[in-house]
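Colleague: predicted coordinates and the sequence they were generated for:
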Amino acid sequence: MTNKIKQYHIGITGHRHLPAERLEMLSLEIMGFFQDNINLYGAGHITVLSSLAEGADSLCAKAALEAGLRLVAPLPMHALEYRTDFTGTAATGFDCLLSLADQVFVVSPSEAAPENPVRAFCYRQAGVYIVNNCDVLLALWDGVEKDSPDGAGTWETIKYAREVNKPVQVISVR
């Protein structure tokens, strides 16, 4: 029996560089997590929030689509500008995921912008948006609790989720 809710949002965060030897196992763990949530809420009631970055974001977005879940892409900047961060096949994969998302938009900052905002500020704002708008955060993470200089890393997103009392489900990339 499924719960009577309108929409359940799963936010995605994780590392851009995932170990190639772990990709198959990570995909299975992601699908298992999605299936557990489908069993609880029904596929039609689940939306996955992913910025579609190379690595964890795109891996989870692909799995979400394969599982029949709705994909929403809150981007840190305009897609053409963001696409410059992708290389080769990752850029093509980004284009494909972008075309399959139900909704794509650029995140408006929720934190005060520095005088000269840099890309990392935009990335952080996308992470903050995802945390603020999800019911649970799925994190593909190496377990290292180390702040990055720009505050836009996987750990900072997890830390922020915990600060605002959002549940975090970690899949270890190690």
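Modeller: Looks like it arrived, so ask away.

Colleague: phi, psi for residue 14 please.
Modeller: Backbone geometry at residue 14, expressed as degrees, to the nearest 10, gives phi 160, psi 180.

Colleague: am I right that it is in contact with residue 143?
Modeller: No - proximity of residue 14 to residue 143 does not meet the contact threshold set by Cβ atoms under 8 Å, at 11.9 Å. (C-beta placed from N, C-alpha, C; glycine too.)

Colleague: give the contact list for residue 22.
Modeller: For residue 22, the residues meeting the contact criterion (Cβ atoms under 8 Å, 6 or more residues apart in numbering) are 173, 174.

Colleague: that one falls within a strand, correct?
Modeller: No - in this structure, residue 22 is helix, not part of a strand, as judged by DSSP: H, G, I helix; E, B strand; the rest coil.

Colleague: and it, how far is that from residue 168?
Modeller: Distance of residue 22 to residue 168, given as Cβ to Cβ, to the nearest Å: 20 Å.

Colleague: what's next to stretch 166-174, contact-wise?
Modeller: Residues outside stretch 166-174 that contact it (Cβ under 8 Å, 6+ apart) are 11, 14-15, 18-19, 22, 26, 29-30, 33, 56, 131, 134-143, 158, 161-162.
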